[in-house]
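A.B. asks: When you get a sec, could you give me coordinates for this:
(2 chains)
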Amino acid sequence: MNQQSIQYQGGILAVIALLTSAALVIANNLTHDAIEQSRLEDLKAFLTQVVPKDYYDNDLVKDTVSLKLQGESETIIYKGRLQNKVNAVAFEWIAKGGYAGDIKVILGIDRDGKVLGARVLAHNETPGLGDKVDPKKADWITKFNGLSLGNPPIEKWGVKKDGGMFDQFTGATITPRAVVKGIKEALQVFQTHRATILGE
Amino acid sequence: MNYRQIIMDGLWYNNVTYAQNIALCPLLAVTTTATNGLGMGLATAAVLVISNVAISLVRSFIPSEVRIPAFIILIATIVTLVDMTMNAYIHELYKVLGLFIPLIVVNCAVLARAEAFASQNSIIPSAIDGLFMGIGFTLGLVSLGAVREIIGSGTLFSGASLLLGQNFSFLEMTIIPHYKGVLLMMLPPGGFIAMGFLMVGKRYLDNRAKQKAAAMSSAPVTA
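C.D. replies: Numbers count the residues shown, from 1 in each chain, chains lettered A, B, ... in the order given. Next up is the predicted model:
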């Protein structure tokens, strides 16, 4: 067939588009379950980092409730139950005002509002400076463990430069300030909506 | 087909980074550490081999008038398939490399090899071209990443054990202890500056080799 004809050229593009889309559909179907499985395992790994194992005996990845805690977007609350009583919760929180956009944090809190663990999930902070909030680079974020709104007192929830009790990093104050503020907000929201979140 | 020529072109004379000067956008984005450069380079090399083979296979059906859209669809599909397959079956590696894979779609080095080589050559030379262009690109990324990492944060191959497994944790070195770091080198302008110096280095070596060759051939044959 004449490769110069417009019919051939249009036809071959259509054939290529059809074959490649078919390949993508098939691959998507084949990999969908495995990808979903891996996503859940990742989530579980993060959740076990922020909620210690002895705080729950249920499958907290599946025991969830969605609430509008932060603006219009839904926050998924993962509930850890011990003998059917909600003992700890974990949820993602967007800390606003990072050096380069929002910082996504996952926070584990026990039923009385004490921080069990916090991890930064996603950020765009400057490598080598602001990224010390990431536990892979420094243990700064573990300093939140065991704290709550009254301990330390509310005015101490800030970086040292602002009169608070948390270290800032050399050359980077904005990132830790945003994370401290974000976690404080999350705890305040938990306190306000405690009954709804715990479902009691 | 001269395989030696293909290999040397990919590794040195026609190196993606330092000779062709293409694929600079992902280059500057990921080379803040040598390890990131290595990850991006290996992922790109894999895609280059697959895309070169695929395009070499279909080259006789594709009229030159519509080759560019056809190649782009093929490359984008291959990258997406690699992305999904890795995510599903080698998830641990995907968590480290996953960030780089979508960047390969916009990597013009892949399209450039499809256009300049695979669309005119048979399968085996195309595969070899893809492999060595990929290795050459990896060398470019790792060298630039190493320079930026050493000057920028005083370490080398930090995070290598995350990419390659615990056995490779010996690669992680602190070159300059208690180093404050140079932020500029971590940002894209520092990447451009470092790349400029590395290119000067390559040109210098090339020129010296050329002069040597010229001197050899023009020197009078004396005892």
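A.B. asks: Show me what from chain A comes close to chain B.
C.D. replies: A:3-4, A:8-9, A:12-13, A:16-17, A:20, A:23-24, A:27-28, A:30-31, A:34-35, A:38, A:41-42, A:126-129, A:136, A:170-171 (Cβ under 8 Å from any Cβ of the partner chain). Just so you know, the C-beta spots here come from the backbone N, C-alpha and C atoms, and that holds for glycine as well.
A.B. asks: Would you point out the helix or strand in chain A whose mean pLDDT is lowest?
C.D. replies: strand A:64-70 (a mean of 82; mean pLDDT, DSSP states H and E).
A.B. asks: Tell me the buried residues in that strand?
C.D. replies: Buried residues in strand A:64-70, defined by neighbour count with 16 or more other Cβ atoms under 10 Å in any protein chain shown: A:65, A:69-70.
A.B. asks: can you give me the angle the strand ranked longest in chain A makes with strand A:64-70?
C.D. replies: Longest strand in chain A, counting residues (DSSP state E): strand A:85-98. Angle, strand A:85-98 to strand A:64-70, by axes from the mean of the first three to the mean of the last three Cα atoms, to 10 degrees: 40 degrees.
A.B. asks: Mind giving me the packing neighbours of strand A:85-98?
C.D. replies: Using 3 or more Cβ pairs under 8 Å, 6 or more residues apart in numbering or on different chains; DSSP states H and E, the elements in contact with strand A:85-98 are strand A:64-70, strand A:73-82, strand A:101-110, helix A:174-192, helix A:194-198.
A.B. asks: so which of the ones you listed comes closest to B:Leu131?
C.D. replies: Across the helices and strands packed on strand A:85-98, B:Leu131 has its closest neighbour in strand A:101-110 (37.8 Å, Cβ to Cβ).
A.B. asks: partners of the least confident helix or strand of chain A in the sheet?
C.D. replies: Strand A:64-70 sits in its sheet next to strand A:73-82 (antiparallel), going by DSSP bridges.
A.B. asks: Off-centre distance for the strand it pairs with?
C.D. replies: In terms of Cα atoms, centre = their mean, to the nearest Å, the centre of strand A:73-82 is set 12 Å apart from its chain centre.
A.B. asks: what angle sits between that strand and strand A:101-110?
C.D. replies: 30 degrees.
A.B. asks: I'd like to check the angle between strand A:73-82 and helix A:174-192, please.
C.D. replies: Strand A:73-82 and helix A:174-192 are oriented at 70 degrees to each other (the same axes, to 10 degrees).
A.B. asks: which residues touch strand A:73-82?
C.D. replies: Outside strand A:73-82, the residues within contact range by Cβ atoms under 8 Å, 6 or more residues apart in numbering or on different chains are A:47, A:51, A:55-58, A:60-61, A:63-69, A:86-93, A:197-199.
A.B. asks: Kindly report the same for stretch B:115-123.
C.D. replies: By Cβ under 8 Å, 6+ apart, the residues outside stretch B:115-123 that reach it are B:1, B:51-53, B:55-57, B:59, B:62, B:67-68, B:71, B:125-126, B:129-130.
A.B. asks: switch the cut-off to 6 Å
C.D. replies: B:52-53, B:55-56, B:59, B:126, B:129 (Cβ atoms under 6 Å, 6 or more residues apart in numbering or on different chains).
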